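>>> prediction below, plus the sequence it came from.
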Amino acid sequence: MIFVGVAACSGRAFAYRPFDGTDAAVAAPGELEVELQPAGVRRDGATPTLVAPWTVLNFGLSEGWEAVFEGQGETPLSPSGPTNLIAAGAFLKHVVVPGSLQDKSGPSIATEFGVLLPDSTGDSGVGASWATIVSQRWDWGTIHLNAEMLLTRDHHADVFLGSIIEGPSKWRVRPVSEFFYEKEFGQEETFSGLVGLIWQVSDKLSFDLAYRHALTNHRPVDEVRVGLTFGVPLWFFESAHVR
């Protein structure tokens, strides 16, 4: 996977570093995949915000299934303020049709669904999301298409449509980009573009760096994301299977 940051979307239910969307792949059974952003800054107009830490935990449950838990901290920088926990959620992700991301022919197709949990401050409640992801890998690069429907924490309907383009997977450092459109009905409309790099150190470790520019209700939003993704085996999972 990759290493970048987190966006200021109202309902994002998933991510694949450094994107707001995701791919049609899951962690291997018995593996914990951690997506971590230790540093990131977002500027919404004249207001800078530290976006860190941002963490996604992907637990490989069985072949084609994983459990996902995520959340991010946000700290106002000017004026300074307390850190708030936002964008928390719990989800299940399933590869419906194995494809090129699973070393098979054709597109990989996955679905992800789950619960959006309340923020640590404010009056937000519980929301829900359901997404479909289609990924195709070629020698020249990889494309991931995302379509997601949400009921936000403030109980507004929301739709997200996005595309991710990556350079050749065999390159140690590959360029990446993402473009998405999101509309929270009656509230916000966002057009977003991201460019970045992923440094694939090994199958279990990668680092990412990205810059994102968006227009939310015609208001500019700029963000720098820096992060990493790493995988570790779950010892208790292995012990259970040994028995």
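Cool, the structure landed.

>>> where does the protein have low pLDDT?
Residue ranges of the chain with pLDDT under 70: 1-15, 236-243.

>>> can you give me the helices for it?
235-242 (DSSP state H).

>>> could you pull out the strands for it?
31-44, 47-62, 65-76, 84-97, 108-116, 127-137, 142-151, 157-166, 173-184, 188-202, 205-216, 219-233 (DSSP state E).

>>> any chance of these in JSON lines, plus mean neighbour count and distance to Asp23?
Using the backbone N, CA and C atoms, a C-beta is placed for each residue, glycine as well. Below are those laid out as JSON lines (neighbours: other Cβ atoms under 10 Å; distance: least, Cβ to Cβ, whole Å):
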{"stretch": "strand 31-44", "mean neighbour count": "18", "distance to Asp23": "12"}
{"stretch": "strand 47-62", "mean neighbour count": "19", "distance to Asp23": "11"}
{"stretch": "strand 65-76", "mean neighbour count": "19", "distance to Asp23": "12"}
{"stretch": "strand 84-97", "mean neighbour count": "18", "distance to Asp23": "10"}
{"stretch": "strand 108-116", "mean neighbour count": "20", "distance to Asp23": "8"}
{"stretch": "strand 127-137", "mean neighbour count": "20", "distance to Asp23": "5"}
{"stretch": "strand 142-151", "mean neighbour count": "20", "distance to Asp23": "5"}
{"stretch": "strand 157-166", "mean neighbour count": "19", "distance to Asp23": "7"}
{"stretch": "strand 173-184", "mean neighbour count": "18", "distance to Asp23": "11"}
{"stretch": "strand 188-202", "mean neighbour count": "17", "distance to Asp23": "12"}
{"stretch": "strand 205-216", "mean neighbour count": "20", "distance to Asp23": "13"}
{"stretch": "strand 219-233", "mean neighbour count": "18", "distance to Asp23": "12"}
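
>>> that'll do, ta.
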